[in-house]
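Visitor: The following block contains a protein sequence and its predicted model.
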Amino acid sequence: MLFLTCPNCGVAAEETEFHGGGEAHIKRFSDGSDDKQFTGYLFDKKNPRGVLFERWRHVYGCGQWFHAARCSATLEIFGTYSAQSIEPPEAIIKAVRKKRPDWKAKS
Amino acid sequence: MSHRIEKAGSLIDRSKPKNFTFNGKNLSGFQGDTLASALLANGQTLIGRSFKYHRPRGVVSSGAEEPNALMNIGESPTFEPNQRATTTELFDGLVAKSQNHWPSLEFDIGAINNRFSKFLPAGFYYKTFMYPRWAWKHVFEPIIRNSAGLGNAPQQADADRYEYFYAYVDVLVIGGGSAGLQAAIAAGESGAKVLLLEQTAHAGGRALVDAAGVDPLLKQLKNMANVTIRTRTMGAGIYDHGYVLGYERVSDHKPGSNQLRHRLWRIRAKRIVTATGAIERTLNFSGNDIPGVMLASAVRDYVSLWGVVPGKSTVIVTNNDDAYRTAITLFNSGQKVAAILDARPNGGGPLAQKATALGIRVLNGKAIKKVLGKKSVTGVIVCDQSDENSPAEIILCDCVAMSGGWSPVVHLWSHCGGKLNWDTENAMFVPDKTRPPTNHNGQGFVIAAGAASGALWHNAGLQDAVQAGRQAADEAGFTPSEKVAATAAAQSDSPMLAVWSMPSDASYSLRSKTWLDFQNDVKVSDVQLAAQEGYESVEHTKRYTTLGMATDQGKLSNINGLAVLADSLNADIPDVGTTTFRPPYTPISIGSIAGEARGPLFKPTRKSPIDAWQDANHAVWEPVADWRRPYVYRHSGETTPQAVIREINATRNSLGLLDASTLGKILVKGPDAGKFLDLIYTNMMSTLKQSRCRYGLMCNENGFLFDDGVVVRTGKDEFLCHTTSGGSDNVHAWMEEWLQTEWWDLKVYTANVTEQFAQIAVVGPNARRVLEKLGSLDVSDGALPFMGYTEGKLAGIWARLFRISFSGELSFEIAVPANQGQELWDKLLDAGAEFNITPYGTEALHVMRAEKGFVMIGDETDGTVIPQDLGLGWAVSKKKTDFLGKRAQQRRHMVDQNRKQLVGLYTLDSDYVLPDCCHAVEDGKIIGHVSSSYFSPTLGRSIAMALIKGGAGRMGQILNFVIDGKEVQAKVVDPVFYDKEGARQNV
Amino acid sequence: MSEFKRISADGEVTISQPTLNGMVTIRADLTDEKTVTAIEQITGMALPSQRKITGDLIRGLAWMSPDELMVFCDDPETMTTQLNSALSGAFLVADVSHARAVFLLQGDGTREVLAKGAPVDLSPEAFTLGDFRRTRMGQVAVAFCMTSQSPDSFGLICFSSVQEFMFEWLVTACKKGSLPAYL
């Protein structure tokens, strides 16, 4: 069972306080988008083996959303950060690179 | 015949006898006994029957690894099957029964399986019971179920209590043997908070028998306030990120009524030291399962710890030096050691010399060819280890003490991914310290110590434990003390010899009576057969033969099984690999997993502020999401349908009262509130005028409708959004999700105020009159028109009034602070008495809304329905450039005219009510289903709503519904069955 | 009306539920000085830092999330009115006194009672006076804080619809002889 630190209230707590929200940094497509863009937004998720960025909500806590950078293979958490970001912040990317020098961000 | 001796027994207190029964027989033992030691003391060698062949079985071990001595313990309602006698502490009044036999342990019909064992080889289920197909269910399975199996299932609800406990520590040590205690000291000296778990009732482990005990270690620990020892608490499993389950058996040893039985510790540790010791292996010789054949270390334990000699004359068979300790212990206790058979051609080291010096007969290079005896050992046939056909000798004995070497308990190390190496010298898997399980920081968080890390000898184990404790403290952020040092005399044993078959050239007839897995009855020949049939993967072989799949998870059998498989495949053991070690280490009670969540605490039930009145007034409860709501108020003499009809008629004709408190209420406020709600709802909310209400729909990004409710503009930039009863938390979370993760630039705040208000719907032609009686507020149509909102004092209570209707009648929903809900309810009942005011439940609500053609989320929607399907296109804005679900609703499939659409149905037989969810069938294909179906007292006939392919174009058609093989016909009609113009609500 | 709605004194810890409890939720930008000054002035209490409470669950100001506070007071109606008129811009103030139930727990075993249901480190080193923690108690969303020591006193809030369940849960967790004597 994971142990996560909520960046909003600073608490380090077990997974039962949180609820996973799937992949982070998905660009929303709405009215005016073509079918490919829209189905990509709705259905095409990355699900990589290795470094991933995902959304979490501190449901049994401050109620706030945040993002986590995590390794799907080892479950290592590289860091958690604000949900109000459209891409992983520099510090998080640096933390990932430190542990996974070979990692390349794929778009 | 007592097997208790006077001299030894460090754990028992002879001044405290304990009485118990075994299969109805009155027996006694002492305080400190286990059930196993007490049974052996009473000469009870036969303690159960095996799983498949019903062979007689006896106690093999003295601890958690025991495969045979499983008992039914206790009596209803605290009865529990499959309890290991070796880990069951004896108490006064203990009731134990052996398992898996009929009619009795001594004479068991099922033992006939043993004679037919050649017909029950590995995989016999798969091979034998294939045809005819029907026979499996009706013949084979019932027979197998009857003959196989272990204990009985309990017949009554468990009377005991169970709880969780959360603990956070710096260093958790699992295992209270000398290594665990030493590691705890080494870690504790740094100031780290240390918790040590020991599964038995006392610390010490093997040091109580094979070394000078652990008193000095315990004395040191006593002075360390930061170290806690929990006995009777097993480290059951290690999970991701330092999570550990500890299983504390609080009162198994002193049962009583209604007390806490097991406590499940949910521990988070920065570092975990697994000092779980090692388990002795069996040797593979014919008849190694006959009662009286035991592990050498267990024989030694019974003598030293409990003063019990399992046999009067013991043969020891070994491939290592350690078993000589058993011989010496027996000798020193005045017991006869008939012989020591050492499989090594050149025998053992100093311990062997000592045994020889004591005059014990030691035979090197010898093996047991076969054990003699049926229900107990009567002797052994001895041959050369290298030659089955060498001249044989019969040695009479009633106990065989075997030792095939030791396996470190690597289970907990492995649970979360710790890797293993094969140690060829000692023929055992040991933790690979360079590849531990890793935590959330990517660091190893488990450190094996002592015998569990492969340091089998006492001195080496202590040294290893000091290192482990220091490392754990260091990595947990503390500075380890240099002053801790282990002291114990070094030992020098001769190397062991890996022996996987005894004798090495054992023939099939021997191998087919040589047991690997005692609990699941898997023999050497079974594993060899599996290999021969092509099972190369150890995981497949395990499942095919059921090796290691019993409740003991193969603690004794796995390595032997692997070795036999490797041998059959001509592979090396490390190449064959191990099966996966999974938690829990030994079975834990289901009760401990459930914790306190049973009976009234099983799941929280949400209750409305008017719940107590409803409960006292004949409410028939219905769960609505986590709430309970009255389905109907059933008066005496009424059936439920009669009561529903009474409630509907009273409401339509005069006045009804509904507790609508469970409806979700979410406050949305801020300069951008209107803009935000335009995105959340399909229709336009920003244009809503103050003090006005508007029905709104919420869709997800797939376009599917998931919640609905009335939105009220309560201020310039403040809205109150009503949701369904089940939807309030979801909708609030949904709004926050979009605000926090997508539209964080919007200046909007939300608050879920659902439970702040009691909400009461006053419904019916006399609704206005009863409110007028309560005074002060102007509720005339002019002052408060349909879909209007006002607030003020009503009956002296500050209230919010919404003129909205879910029944089609003149209707007001009144929200008051929750704690005043009952007061308003009472005042309404008083004032409404002259109008026959009638509280109604959810069923009347459902029927009345269906009569009006109003949809219900969860009835007319199922996660695949868009508003347009329900004829709610009018509530989907065409002007807005964006709202959640808009783009999806433009997808090709969503605008298909042949989608399922909402229709009304009149059955041709007007008294017949279609069952919910029944299917409409056309040309042999399903074209839709009934979503709501009721008998309408208002219309005096049955009505239904259905989702039918192309339903909008089918008005007037007759559809066929197939119900229990018969066709029922219904006509497609407008889903608004009653008062289409809305004349009744607009008064 | 009695002072307590529910009370249980025969377990390891005394549990009581006050009949009246005033609570007002505030959502606003708590980095805005003007907003903070107004809140401190009206409540008469200092802004608590992250996961802290000023005062207790009878009179206090608790940190709920980066943009959310909870005021505990005697007169929530006046508090709501005053805050509504003092704050400006984007904010939300609402009386939620009826939406939540308060339980007061007193006795030296309280830490262990709470640790039976909350996945929180409740050891004296980790959880101290003034700490305010939103979490779960078994299956129920709660928040609790430590309000005094010797004997230990804690306050706990949950939603009012589950107050009966929560009380029953606490009474069960307080059964005599059921504490592990660990913390």
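Guide: Yes, it's here.
Visitor: Name the residue most distant from the centre of the chain?
Guide: No chain in the question, so chain A it is. residue A:32 (27.0 Å; Cα atoms, centre = their mean).
Visitor: that's the wrong chain, I meant chain B
Guide: Most peripheral residue of chain B (Cα atoms, centre = their mean): residue B:782, 60.4 Å.
Visitor: Could you look up the SS state of that one?
Guide: coil (DSSP: H, G, I helix; E, B strand; the rest coil).
Visitor: Need the per-residue pLDDT for it.
Guide: pLDDT recorded at residue B:782 is 95.
Visitor: And for the one 4 residues further on?
Guide: Looking at residue B:786, its pLDDT stands at 97.
Visitor: Surely it touches residue B:983?
Guide: No. Contact criterion Cβ atoms under 8 Å: residue B:786 and residue B:983 do not qualify, at 11.2 Å. Just so you know, the C-beta spots here come from the backbone N, C-alpha and C atoms, and that holds for glycine as well.
Visitor: Secondary structure element for whichever residue of the stretch 451-600 of chain B sits closest to chain A, which one?
Guide: Here the residue of the stretch 451-600 of chain B nearest chain A is residue B:583; by Cβ to the nearest Cβ that distance is 12.0 Å. Of the helices and strands defined by DSSP states H and E, none includes residue B:583.
Visitor: And for residue C:157?
Guide: Under the assignment here (DSSP H and E), residue C:157 is part of strand C:153-159.
Visitor: Kindly report the same for residue B:9.
Guide: Residue B:9 belongs to no helix or strand, assigned by DSSP H and E.
Visitor: residue contacts, it?
Guide: With contacts defined as Cβ atoms under 8 Å, 6 or more residues apart in numbering or on different chains, residue B:9 is in contact with B:30, B:32, B:304, B:305, B:306, B:307, B:308.
Visitor: in terms of contact, does the first one touch residue B:20 like I think?
Guide: No. In this structure residue B:30 lies outside contact range of residue B:20 using Cβ under 8 Å: 11.1 Å.
Visitor: joint contacts of the two?
Guide: B:38, B:90.
Visitor: which two in the contacts of residue B:9 are spaced the farthest apart?
Guide: B:30 and B:304 (14.7 Å; Cβ to Cβ).
Visitor: that older thread, and residue B:786 and residue B:983? Which one has more around it.
Guide: residue B:786 (15 against 9; other Cβ atoms under 10 Å in any protein chain shown).
Visitor: That one belongs to a helix, doesn't it?
Guide: No. With three-state DSSP as the criterion, residue B:786 is coil rather than part of a helix.
Visitor: Please report phi then psi for it.
Guide: Backbone torsions for residue B:786, taken as degrees, to the nearest 10, come to phi -50, psi 130.
Visitor: Over to residue B:13?
Guide: Dihedral angles (degrees, to the nearest 10) for residue B:13: phi -120, psi 100.
Visitor: which residues does the residue nearest to the spatial centre of chain A contact?
Guide: By Cα atoms, centre = their mean, chain A has its centre lying nearest to residue A:54, at 1.9 Å. Listed by Cβ under 8 Å, 6+ apart, the contact partners of residue A:54 are A:20, A:21, A:22, A:23, A:24, A:67, A:68, A:70.
Visitor: Is there a quick ChimeraX command that grabs whichever of the residues you listed are buried?
Guide: To isolate the buried members of the contacts of residue A:54 in ChimeraX, using 16 or more other Cβ atoms under 10 Å in any protein chain shown:
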select /A:21,24,67,68,70
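Visitor: Filter the contacts of residue A:54 down to just the ones in strands.
Guide: Judged by DSSP state E, the contacts of residue A:54 include A:20, A:21, A:22, A:23, A:67, A:68, A:70 as members of strands.
Visitor: which ones are touching the spatially most central residue of chain B?
Guide: Central residue of chain B (Cα atoms, centre = their mean): residue B:593, 5.8 Å from the mean position. Residues near residue B:593 by Cβ under 8 Å, 6+ apart: residue B:264.
Visitor: Could you verify that it is part of a helix?
Guide: Yes. Assessed with three-state DSSP, residue B:593 lies in a helix.
Visitor: Which pLDDT does the model give residue 105?
Guide: Using chain A here. 77.
Visitor: hm, I was asking about chain B
Guide: pLDDT at residue B:105 comes out at 79.
Visitor: Strand partners (parallel or antiparallel) of the strand holding residue C:157?
Guide: strand C:100-106 (antiparallel), strand C:140-148 (antiparallel) (DSSP bridges).
Visitor: which regions of the chain sit below the pLDDT cut-off?
Guide: All of this refers to chain A. A:106-107 (pLDDT under 70).
Visitor: oops, I was thinking of chain C
Guide: In chain C, residues with pLDDT under 70: C:1-2.
Visitor: Strands of that one, start to end?
Guide: C:4-8, C:14-18, C:22-28, C:53-55, C:60-65, C:68-73, C:91-95, C:100-106, C:132-137, C:140-148, C:153-159.
Visitor: So which of those strands is nearest residue B:262?
Guide: strand C:132-137 (20.2 Å).
Visitor: between that closest one and strand C:68-73, how many degrees?
Guide: 100 degrees (axes from the mean of the first three to the mean of the last three Cα atoms, to 10 degrees).
Visitor: can you list the domain ranges for chain C.
Guide: C:4-19+C:99-173, C:22-98 (automatic domain parsing).
Visitor: Can I get the ones you listed in JSON lines including mean neighbour count?
Guide: Listed next are the domains of chain C as JSON lines, based on neighbours: other Cβ atoms under 10 Å in any protein chain shown:
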{"stretch": "domain C:4-19+C:99-173", "mean neighbour count": "20"}
{"stretch": "domain C:22-98", "mean neighbour count": "19"}
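Visitor: so which strand or helix has residue B:27?
Guide: strand B:25-31.
Visitor: who touches that strand?
Guide: B:9, B:12-14, B:16-21, B:37-39, B:41-42, B:44, B:90.
Visitor: Drop anything exposed from the residues you listed.
Guide: The buried subset of the contacts of strand B:25-31 (16+ other Cβ under 10 Å) comprises B:9, B:12, B:18, B:20, B:37, B:38, B:39, B:41, B:42, B:44, B:90.
Visitor: out of the residues you listed, which are inside helices?
Guide: Under the assignment DSSP state H, the buried ones among the contacts of strand B:25-31 contribute B:37, B:38, B:39, B:41 to helices.
Visitor: Out of those, which is nearest to chain A?
Guide: For those, the nearest to chain A is residue B:37 (38.0 Å; Cβ to the nearest Cβ).
Visitor: Dihedrals phi and psi, the closest residue in space to that closest one that isn't next to it in sequence?
Guide: Using Cβ to Cβ, 6 or more residues apart in numbering or on different chains and skipping the chain neighbours, the partner closest in space to residue B:37 is residue B:306 (3.8 Å). Note on residue B:306: its backbone torsions stand at phi -120, psi 0 [degrees, to the nearest 10].
Visitor: ok, now which ones touch residue B:306?
Guide: By Cβ under 8 Å, 6+ apart, the neighbours of residue B:306 are B:8, B:9, B:11, B:12, B:32, B:33, B:34, B:37, B:41.
Visitor: One more: residue C:103?
Guide: Contacts of residue C:103 (Cβ under 8 Å, 6+ apart): C:15, C:16, C:17, C:155, C:156, C:157, C:158, C:166, C:167, C:170.
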